[in-house]
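Visitor: Structure for the following, please:
(4 chains)
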Protein chains: 4
Amino acid sequence: MTIHTFTPTHYFSVLAVAPPVLTLAPGDTVRTTTVDAHGFDAIRRQVTPPGNPMTGPFFVEGAEPGDTLVVHLDAIVPNRTYGWGNTMLAPNVVDPEFVRELPWPPPGERRRSHWHVDVAAGAATLVEPEVPGGMVLPLAPMLGCFGVAPAGGEAISTATSGPQGGNMDYRGFTAGVTVYFPVFVPGALFFLGDGHALQGAGEIAGTGVEISCDVQFTLDLQKRRRLNWPRGETATHIFTAGNARPLDQALQHATTEMARWLQEEYGLTPIHAQTLLGQAVDYEIGNVFDPAYTVICKLAKRWLPLETDV
Amino acid sequence: MTIHTFTPTHYFSVLAVAPPVLTLAPGDTVRTTTVDAHGFDAIRRQVTPPGNPMTGPFFVEGAEPGDTLVVHLDAIVPNRTYGWGNTMLAPNVVDPEFVRELPWPPPGERRRSHWHVDVAAGAATLVEPEVPGGMVLPLAPMLGCFGVAPAGGEAISTATSGPQGGNMDYRGFTAGVTVYFPVFVPGALFFLGDGHALQGAGEIAGTGVEISCDVQFTLDLQKRRRLNWPRGETATHIFTAGNARPLDQALQHATTEMARWLQEEYGLTPIHAQTLLGQAVDYEIGNVFDPAYTVICKLAKRWLPLETDV
Amino acid sequence: MTIHTFTPTHYFSVLAVAPPVLTLAPGDTVRTTTVDAHGFDAIRRQVTPPGNPMTGPFFVEGAEPGDTLVVHLDAIVPNRTYGWGNTMLAPNVVDPEFVRELPWPPPGERRRSHWHVDVAAGAATLVEPEVPGGMVLPLAPMLGCFGVAPAGGEAISTATSGPQGGNMDYRGFTAGVTVYFPVFVPGALFFLGDGHALQGAGEIAGTGVEISCDVQFTLDLQKRRRLNWPRGETATHIFTAGNARPLDQALQHATTEMARWLQEEYGLTPIHAQTLLGQAVDYEIGNVFDPAYTVICKLAKRWLPLETDV
Amino acid sequence: MTIHTFTPTHYFSVLAVAPPVLTLAPGDTVRTTTVDAHGFDAIRRQVTPPGNPMTGPFFVEGAEPGDTLVVHLDAIVPNRTYGWGNTMLAPNVVDPEFVRELPWPPPGERRRSHWHVDVAAGAATLVEPEVPGGMVLPLAPMLGCFGVAPAGGEAISTATSGPQGGNMDYRGFTAGVTVYFPVFVPGALFFLGDGHALQGAGEIAGTGVEISCDVQFTLDLQKRRRLNWPRGETATHIFTAGNARPLDQALQHATTEMARWLQEEYGLTPIHAQTLLGQAVDYEIGNVFDPAYTVICKLAKRWLPLETDV
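Guide: Numbering: from 1, shown residues only, chains lettered A, B, ... in the order given. This is a model prediction of the structure:
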């Protein structure tokens, strides 16, 4: 259970097979940093081009296609005080007739919100634009984009998401959460980045409060556990992530993955699992902004049989 | 502020203009009952055909098109101990390839879950099918279907929903909540029914724990307040309901209605409103089963300016 | 086989049970007129409010739920020279980012195209706005909206469509076509209106060239033939119409109805029917503008077994 | 204007930057072969794994991001007599409730149709399964999948499609058609494969009549012509291809690209272009089976101003 400290020198804008920056044994922990979505680091220096640049990839010894990569998000801490975001809803989240009424900036310009992020105080304060009474929101640092190299030689943009994870922008991906990814290539090849100091559901302005972060995570391996979609776990819930457009299909993926999980790993009969889901399931929306949307299907652990060795 | 007690003798399966069963002054309270989705009452007698039969309509004096009907849900209490539901996920909420793996009953049969509902204990216990360890879930009584007569002479099935409300199946419609509907016809003509002892998000099995209820509600009127979609309010949140297919469009309606609300009634500039929504909005899924789906867009009241006279 | 001549004196903006204007024997023919979508008649007099006003309903003796109404469109002839339309694409048919670039009229105004319709010449000429070189398009008169009273006491706006037909805006609904509707209520109650001198696929500007028409149609009855969705027939093709949002669901409805038709009425095995559809099916888009979209699933008759007695 | 003959020795299952197999001058012609979707060649030998293996990539001298690659499909000729396909509709193209009624093969098996393809006769004859009366359909050879390397270092599976083209499965991609692709990388890097002897619209069985082909194409270059989506041209029509899910979004992409084309390159005012599209546009459905669907937006050339130098 080694703790590695890794300082990235280059970044990736696709999830793909690439030379690993570090090889880990299952159970190893990594302390590293992520730049913001535009490639700016802790001292607001642009070290790589924009587009959700990823730190990694990290190779896990023994990981093979058909296994599951376990990612414990140990800590996600903004490492600077400056955060930024958008000041307008994304055109695709409002009625088509309302698009013209959005607060578009003058042609050629781009309006940003600027935030002062105070980790000790646990708060982000809107610096600009000024609004009456100000705006102070509680920090809830999360990773917008992380995942593994996809199958079949694909290299998938960190603007989008899929079975490999990627840009899911689910605000539940905070410290303390465990995430499970299908392994598609030897070593799994884990990437991470796109930290948000906080974010509303759906990432409907197209950004959270974008920021660079110190991140600590621990990778583990489950041999011969096959997932179709990312799964996760908090102290109180299990959840699945479906990534697709439209939302209906993302929800279908997440719901199917949850039913499979209950039936295949918790040993519930289909009738048991589906009666339970019908009356106890919950959903959250990861993002409705990226090319693929993300829907989270959740179930409280207290409705599950005593923990199995999943 | 009269309190009326009303015992229904007939029911409606469409929201439409119909002779009112009671005429109320704004502020009046009604105590009445609703039958379950199949038309069974408190003593499990079928008093009307299936299909979300509605109690009502209630005429509110002075309500005119362009006004808003205020519905305070004062109390929703199951009035019998028997509840029922489905034991299989709806085919449209899972991946098309998974449909065959659902626990279909033999041809011509329909499988139901049967629940014992104990209001005093606040719990519903699954009686059948039997599952290992049993299943006991906390009550959270709600109205699946309620709303007003639509515009233009339409008569809209209580199987679906729209700007008029209807079968939204949002489990947040519990006692204590205030709901706002656009008024489309003189008197507004309020209908209600389809009580659920509890329900998972999305109503993904196609039912909650279906039950007849004693309901108390209070109707009020806001003159010349124009809504496009139902809105609501709890002690802590304001919310809007978008009803459409696919989910993407329901979300667009709900998000647009929320932006309009903040901008038109809370006096926020578009940049203020949309910066706030981007970082603080939340979504819930009402149902993904009915012909029109329902998405709820929520915002915590603590982020709003001091209450205005909405 | 009587030929009735009917001059409407009132119109309907919902498909619903209403007192019939005429009772027909199966096989009877009706010659009547339709007003344009805004309620203007052959002499450009507004005789009823806008919103696809319908002529009818026509009651067919012996029609019962579970039967099929056969509608032969014998003739659809514009009965005036003035047609109108829109000059801008509907916001929902373009990318959300493109909505602002549409040629929006000044606030509060509405821009129309004005057309001179010459039935003898078979051409519609754009009168205004003027465009370089002019615009002359061939007439292809069609009915945008027609159908039957729905089930369950519903009254469905002629702005939308469903199993009952309605506002499908399919430019294949021209003279010579036979259309089949499920019968939901005694007498079927057939309505028609919303003539277009011509129209592009999808009705993507939100209108065709809107015009009042002389229409002749013949109604017939098929006892105990159950349809889920409207079907139709030309000299060369059979087709089905699915009405829903999104397009994906409209296509699912139309495709399922076509597979059922081949399997249940033409006697093809599922493998035969579906192998054939896979390699020979065609689709057309009725409209992508109304609340429910319309997708047409077509198959050439030459691939079918010798005609059966459908 | 050299004519190159190229015999592939390896294939690609992603569109991506890869070492070119041939470097062409603009205007050069290539005669080559494609294997079928499962990697079988003209003598039914499997030469590469399944999944739409691509021949290429071909590098065009002088092509830079921001240019347009012109692809003339000169000839697409099946080079063997054996074709295969599916015998069941894809689960996603039918109503969820109908999925169980599809002719599923026994678990673990896969049912195929087998076709005898006679190029001289211009016909494909169904060999198996046997159906009463047989099934003989006219050949209409097409390329299911072709396109260019995407931007940003992405490597996109040939199972799907996007701005780079790819698996569009549009049966209009036959010999005689010219297709335009945006250039994202130096040399454009053109790939092709997945020939179909014929195919129904939508590729709703998940395959056409899959076959290996001899293909001749000519590549040309248009400097500084920027496209957002593939475009094309036949003797009679211009068209655009939108690739996305759901169909609604694919249609939005295609329609927006067509409006831009008319406005930016044909010099039509927005009102002129959109009035014309509203009354004269046509749509076709490429596929509704792949991860991204394809919608084609078409306009007859006869409605266009005299040809410009596009």
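Visitor: Going along the chain, name the strands of the stretch 1-150 of chain A.
Guide: A:3-5, A:14-15, A:22-24, A:29-34, A:54-60, A:68-78, A:82-86, A:112-118, A:123-128, A:136-138, A:142-148 (DSSP state E, counting those that start in this stretch).
Visitor: Reformat the ones you listed into a markdown table and put distance to chain B next to each item.
Guide: Any C-beta I mention is one placed from the backbone N, CA and C, and that applies to glycine too. Listed next are the strands of the stretch 1-150 of chain A as a markdown table, based on distance: least, Cβ to the nearest Cβ, whole Å:
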| stretch | distance to chain B |
| --- | --- |
| strand A:3-5 | 31 |
| strand A:14-15 | 23 |
| strand A:22-24 | 33 |
| strand A:29-34 | 19 |
| strand A:54-60 | 23 |
| strand A:68-78 | 14 |
| strand A:82-86 | 6 |
| strand A:112-118 | 5 |
| strand A:123-128 | 7 |
| strand A:136-138 | 6 |
| strand A:142-148 | 12 |
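Visitor: of the ones you listed, which approaches chain D most closely?
Guide: Comparing those by their distance to chain D (Cβ to the nearest Cβ), the top pick is strand A:14-15, with 5.1 Å.
Visitor: What lies in contact with the closest one?
Guide: A:54, A:147-150, A:155-158, A:164-166, A:189, A:191, D:152-155 (Cβ atoms under 8 Å, 6 or more residues apart in numbering or on different chains).
Visitor: Just the ones of those in helices?
Guide: Among those, DSSP state H puts none in helices.
Visitor: Going by neighbour count, which of these are buried?
Guide: A:54, A:147-150, A:155-158, A:164-166, A:189, A:191, D:153-155 (16 or more other Cβ atoms under 10 Å in any protein chain shown).
Visitor: what about residue A:109, neighbour count?
Guide: Using other Cβ atoms under 10 Å in any protein chain shown, residue A:109 has 8 neighbouring residues.
Visitor: ok, now residue A:236?
Guide: For residue A:236, using other Cβ under 10 Å, the count is 10.
Visitor: and it, backbone torsions?
Guide: phi -110, psi -20 (degrees, to the nearest 10).
Visitor: Just the ones of the contacts of strand A:14-15 in strands?
Guide: Using DSSP state E, the members of the contacts of strand A:14-15 that fall in strands are A:54, A:147-148, A:156-157, A:165-166, A:191.
Visitor: Turn those residues into a markdown table, including pLDDT.
Guide: Shown next, in a markdown table, are the ones in strands among the contacts of strand A:14-15 (pLDDT from 0 to 100):
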| residue | pLDDT |
| --- | --- |
| A:54 | 98 |
| A:147 | 98 |
| A:148 | 98 |
| A:156 | 98 |
| A:157 | 98 |
| A:165 | 98 |
| A:166 | 98 |
| A:191 | 99 |
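Visitor: Would you format these as a markdown table with distance to chain C included?
Guide: Output for these, formatted as a markdown table (distance: Cβ to the nearest Cβ, whole Å):
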| residue | distance to chain C |
| --- | --- |
| A:54 | 26 |
| A:147 | 27 |
| A:148 | 29 |
| A:156 | 22 |
| A:157 | 18 |
| A:165 | 25 |
| A:166 | 22 |
| A:191 | 28 |
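Visitor: Identify each buried residue in the lengthiest helix in chain A, please.
Guide: The longest helix of chain A (DSSP H) is helix A:247-264. Going by neighbour count (16+ other Cβ under 10 Å), the buried part of helix A:247-264 is A:247-263.
Visitor: same question, stretch A:55-66
Guide: Those would be A:55-60, A:63, for stretch A:55-66 by 16+ other Cβ under 10 Å.
Visitor: which of the ones in strands among the contacts of strand A:14-15 sit farthest apart?
Guide: Spatial extent of these (Cβ to Cβ) is set by the pair A:148 and A:157 at 14.7 Å.
Visitor: could I get the strands of the stretch 1-150 of chain A as a markdown table with distance to residue B:86?
Guide: Output for these, formatted as a markdown table (distance: least, Cβ to Cβ, whole Å):
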| stretch | distance to residue B:86 |
| --- | --- |
| strand A:3-5 | 49 |
| strand A:14-15 | 39 |
| strand A:22-24 | 46 |
| strand A:29-34 | 44 |
| strand A:54-60 | 42 |
| strand A:68-78 | 31 |
| strand A:82-86 | 42 |
| strand A:112-118 | 45 |
| strand A:123-128 | 44 |
| strand A:136-138 | 39 |
| strand A:142-148 | 35 |
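Visitor: And the helices in the stretch 201-310 of chain A?
Guide: Using DSSP state H, counting those that start in this stretch, the helices of the stretch 201-310 of chain A run over residues A:247-264, A:270-280.
Visitor: and the angle from the first one to helix C:247-264?
Guide: Put plainly, it is helix A:247-264. Relative orientation of helix A:247-264 versus helix C:247-264 (axes from the mean of the first three to the mean of the last three Cα atoms, to 10 degrees): 70 degrees.
Visitor: can stretch A:41-59 be found next to chain D?
Guide: Yes. Residues of stretch A:41-59 contacting chain D under Cβ under 8 Å from any Cβ of the partner chain: residue A:51.
Visitor: now swap in stretch A:183-193 and tell me
Guide: No. Stretch A:183-193 stays clear of chain D (Cβ under 8 Å from any Cβ), getting no nearer than 12.1 Å.
Visitor: Endpoint to endpoint, that stretch covers what distance?
Guide: Using Cα to Cα, to the nearest Å, the end-to-end distance of stretch A:183-193 comes out at 19 Å.
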